[in-house]
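1. Show me how the following folds:
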Amino acid sequence: MRYLPLTDPDRQAMLSVVGASSIDDLFVDVPEAARLSGPIAGLPMHASEMAVERHMSALAARNTVAGQVPFFLGCGAYRHHVPASVDHIIQRGEFLTAYTPYQPEIAQGTLQVMFEFQTQVARLLGTDVANASMYDGSTACWEAIGMARRITKRAKAILSPGLHRHYVSVAKTMAKYTGDALDTAAPTLDDDFGIDSLIAKIDGETSCVVVQYPDILGRIADLSALAEACHANKALLVAVVTEPVALGAIRSPGEMDADIVVGEGQSLGVGLQFGGPYVGLFGCKDKYVRQMPGRLCGETVDAEGKRGFVLTLSTREQHIRREKATSNICTSSVLCALAMSAHMTLLGEAGLRRLADLNHLGAASAADRLAEVPGVELVNTSFFNEFTLKLAKEARPVVRALADRGILAGVSLGRLYPGEGALANGLVVAVTETTTEDDVEALAQALAEELA
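-> Numbers count the residues shown, from 1 in each chain. The predicted structure follows:
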């Protein structure tokens with residue numbers, strides 16, 4: 001709870017400085033009809049600090065806590081263990097700011113962290129360069145579509161059916177104002193990633209093809225042929241990674257010749273946090289770096305030859321003429337990027353590969369067990385730590401029933417794709433290193449009872 005130290009005399013002193021007689025004078029530009037006419041109905045005028053804390057604690061206790069029950073939710077946000085040392089590092093006073101380090105001479109530590117973060121992300125995604133982070137994965141995805149339009153001078157983007165529904169929604173919202181044409185469709189409940197269908201759609205008007213890897217159903221595919229088809233038509237391949245831990249086990253999109261690779265970095269060092277704040281990842285080929293949104297930190301030497309760090313490239317409209325800007329993104333998620341960088345540094349390459357192995361082994365074991373349940377069919381033949389089940393009943397009420405029994409069973413496709421009857425029985429299940437054998441067995445037995 002915030003402590004507000006200002007007294008009435010303090011407020012009067014501040015109002016007198018700006019020439020206002022009351023707080024209400026500060027809102028004279030707000031139309032009368034838009035102002036509250038009195039107290040908000042149903043809320044008490046005053047409550048003690050203790051009473052408010054007790055009320056809020058009671059409300060919070062109504063939530064089902066991810067760490068206290070069998071937990072299989074994924075679809076873009078994953079529960080991984082975050083070492084205590086990550087929180088210790090990001091809470092150091094030198095780092096505890098969300099603001100931009102405009103002055104390199106007094107922000108060398110922050111700039112070095114951003115430089116290291118960029119290096120780690122570029123190696124993870126398999127790209128030549130990476131920027132100092134974006135807001136989150138969905139906005140990074142849209143920025144990639146816009147970047148492809150600037151590079152190709154075309155405005156038709158093909159979005160894979162396997163791209164996360166929320167990412168598609170963000171792109172549709174932004175495309176209303178840019179005029180980009182988006183080719184979208186819902187996924188089908190089968191094992192086909194859809195590479196051939198995407199290739200068939202590419203034509204001379206296509207700016208880019210956007211694919212999620214692994215996709216929303218957990219499916220994995222070799223993107224090389226798709227990249228080749230894009231380049232043959234002078235279009236770009238954009239790959240979206242929502243679970244970066246996967247890249248400790250499978251080939252990175254950059255290795256398969258993707259031109260732009262974006263993603264969500266929450267899995268590494270950042271908790272679930274009720275949906276945010278998270279950290280967007282953005283990498284690309286070196287030849288496109290001047291069209292990359294956001295900021296890029298670089299390494300240099302000072303007049304005495306000592307190593308130093310600077311803002312090397314910043315193509316946002318706050319720094320350059322608006323018509324020359326690549327994006328109106330105003331900042332980056334530096335604190336979350338610091339958390340991700342700290343976690344990746346603690347893991348190292350060997351640690352990340354070991355973490356990925358643990359995730360995949362756990363998921364493979366869980367998929368085998370759950371596929372034994374009568375009325376459950378495993379859709380994927382290949383996956384990392386997330387797979388899709390086809391239930392004999394509609395998945396959404398089954399998930400609701402299991403939640404009432406203290407099991408968060410996964411994400412029903414009926415919730416992500418309301419109105420898509422062919423997907424109603426689909427259930428996406430995620431398994432991480434935090435999932436135990438007892439958790440899987442509890443889910444298997446509860447599913448068997450609900451589907452009986």
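2. counting contacts, what elements does the longest helix along the chain pack onto?
-> If you go by DSSP state H, the chain has its longest helix at helix 334-371. Applying 3 or more C-beta pairs under 8 Å, 6 or more residues apart in numbering; DSSP states H and E, one finds that helix 334-371 contacts helix 84-90, helix 108-125, strand 376-378, strand 386-391, strand 426-430, helix 437-451. Placement of C-beta: from N, CA and C, glycine included.
3. pLDDT (mean, whole number) over that helix?
-> For helix 334-371, the mean pLDDT works out to 97.
4. so how far is that helix off the chain centroid?
-> 16 Å (C-alpha atoms, centre = their mean, to the nearest Å).
5. do the same with stretch 428-443
-> Offset of stretch 428-443 from its chain centre (C-alpha atoms, centre = their mean): 22 Å.
6. For that stretch, measure first residue to last.
-> 13 Å (C-alpha to C-alpha, to the nearest Å).
7. neighbouring contacts of that stretch?
-> Applying C-beta atoms under 8 Å, 6 or more residues apart in numbering, the contact partners of stretch 428-443 are 67, 70-75, 78-81, 216-218, 245, 355, 358-359, 362-363, 365-367, 369-370, 385-389, 402, 407, 409-413.
8. Among those, name the buried ones.
-> 70-75, 78-80, 216-218, 245, 355, 358-359, 362-363, 366-367, 370, 385-389, 402, 407, 409-413 (16 or more other C-beta atoms under 10 Å).
9. and residue 356, how far is that from residue 245?
-> Distance of residue 356 to residue 245, given as C-beta to C-beta, to the nearest Å: 6 Å.
10. what residues are shared contacts of the two?
-> With C-beta under 8 Å, 6+ apart, residue 356 and residue 245 have common neighbours residue 384.
11. angle of the longest helix of the chain against helix 437-451?
-> Using axes from the mean of the first three to the mean of the last three C-alpha atoms, to 10 degrees, the inter-axis angle of helix 334-371 relative to helix 437-451 is 60 degrees.
12. Helix, strand, or coil at residue 198?
-> Here residue 198 is helix, with the state taken from DSSP: H, G, I helix; E, B strand; the rest coil.
13. Next up, the contacts around it.
-> Applying C-beta under 8 Å, 6+ apart, the residues near residue 198 are 158, 160, 209, 211, 226.
14. Mind putting the residues you listed into TSV with distance to residue 136, pLDDT and neighbour count?
-> Formatted as TSV, the contacts of residue 198 follow (distance: C-beta to C-beta, whole Å; pLDDT from 0 to 100; neighbours: other C-beta atoms under 10 Å):
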residue	distance to residue 136	pLDDT	neighbour count
158	22	98	24
160	19	98	28
209	22	98	28
211	18	98	26
226	25	98	25
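15. Per-residue pLDDT of residue 131, please?
-> So, for residue 131, pLDDT stands at 94.
16. Identify the residue spatially nearest to it, adjacent ones excluded.
-> residue 294 (4.2 Å; C-beta to C-beta, 6 or more residues apart in numbering).
17. could you list every residue that touches the one you found?
-> So residue 294 contacts 131, 132, 133, 134, 143, 282, 314, 315, 316, 327, 329, 332 (C-beta under 8 Å, 6+ apart).
18. distance of the first one from residue 281?
-> Spatial separation of residue 131 from residue 281 under the definition C-beta to C-beta is 9 Å.
19. distance of the residue nearest to residue 131 from residue 313?
-> 9 Å.
20. repeat for residue 267
-> 27 Å.
21. the more surrounded of those two?
-> For residue 267 and residue 313, the more surrounded residue by other C-beta atoms under 10 Å is residue 267, and the numbers stand at 27 against 17.
22. In this protein, what residue spans correspond to helices?
-> Under DSSP H, the chain gives helices at 8-18, 49-60, 84-90, 108-125, 137-152, 165-178, 195-201, 224-232, 334-371, 395-404, 413-416, 437-451.
23. how about TSV for those helices, with distance to residue 271 added?
-> Formatted as TSV, the helices of the chain follow (distance: least, C-beta to C-beta, whole Å):
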stretch	distance to residue 271
helix 8-18	37
helix 49-60	15
helix 84-90	9
helix 108-125	18
helix 137-152	16
helix 165-178	19
helix 195-201	34
helix 224-232	34
helix 334-371	9
helix 395-404	20
helix 413-416	22
helix 437-451	19
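24. now for those helices, which one comes closest to residue 305?
-> helix 108-125 (15.4 Å; C-beta to C-beta).
25. Just the CA atoms of that closest one, as CSV, please.
-> The C-alpha atoms that make up helix 108-125 are tabulated as CSV, following Å, rounded to 0.1, in the frame of the first residue of the first chain:
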residue,chain,number,x,y,z
GLN,A,108,27.2,2.6,-17.9
GLY,A,109,25.9,-0.3,-15.8
THR,A,110,22.4,-0.2,-17.3
LEU,A,111,23.8,0.2,-20.8
GLN,A,112,26.1,-2.8,-20.3
VAL,A,113,23.2,-4.9,-19.1
MET,A,114,21.2,-4.0,-22.2
PHE,A,115,24.2,-4.8,-24.4
GLU,A,116,24.6,-8.2,-22.8
PHE,A,117,20.8,-8.8,-23.1
GLN,A,118,21.0,-8.0,-26.8
THR,A,119,23.9,-10.4,-27.2
GLN,A,120,22.1,-13.2,-25.4
VAL,A,121,18.8,-12.7,-27.3
ALA,A,122,20.6,-12.6,-30.7
ARG,A,123,22.3,-15.9,-29.9
LEU,A,124,19.1,-17.5,-28.6
LEU,A,125,17.0,-16.4,-31.6
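26. Quick check: buried residues in it?
-> 110-111, 113-125.
27. Residues touching that helix, excluding its own?
-> The contact list for helix 108-125 (C-beta under 8 Å, 6+ apart) reads 94-95, 101, 104, 128-133, 241, 244, 247, 252-254, 261, 263, 265, 281-283, 295-299, 308-311, 332, 334, 337-338, 340-341, 344-345.
28. Any of those buried? List them.
-> Among the contacts of helix 108-125, the ones that count as buried by 16+ other C-beta under 10 Å are 95, 101, 104, 129-133, 241, 244, 247, 252-254, 261, 263, 265, 281-283, 295-297, 308-309, 311, 332, 334, 337-338, 340-341, 344-345.
29. Which ones among those residues map onto strands?
-> Counting by DSSP state E, these place 129-130, 241, 261, 263, 281-283, 295-297, 308-309, 311 in strands.
30. out of these, what pair is the most spread apart?
-> Using C-beta to C-beta, the pair of these lying farthest apart is 241 and 308, separated by 31.5 Å.
31. mind listing what residue 166 touches?
-> 76, 138.
32. Against residue 353, how distant is it?
-> Distance from residue 166 to residue 353, by C-beta to C-beta: 29 Å.
33. measure residue 166 to residue 76 for me?
-> 7 Å.
34. pLDDT at the closest residue to residue 256 other than its chain neighbours, what is it?
-> In this structure, residue 256 finds its nearest non-sequential neighbour in residue 223, 4.2 Å apart by C-beta to C-beta, 6+ apart. pLDDT for residue 223: 98.
35. Before I go, just wanted to say thanks for your time.
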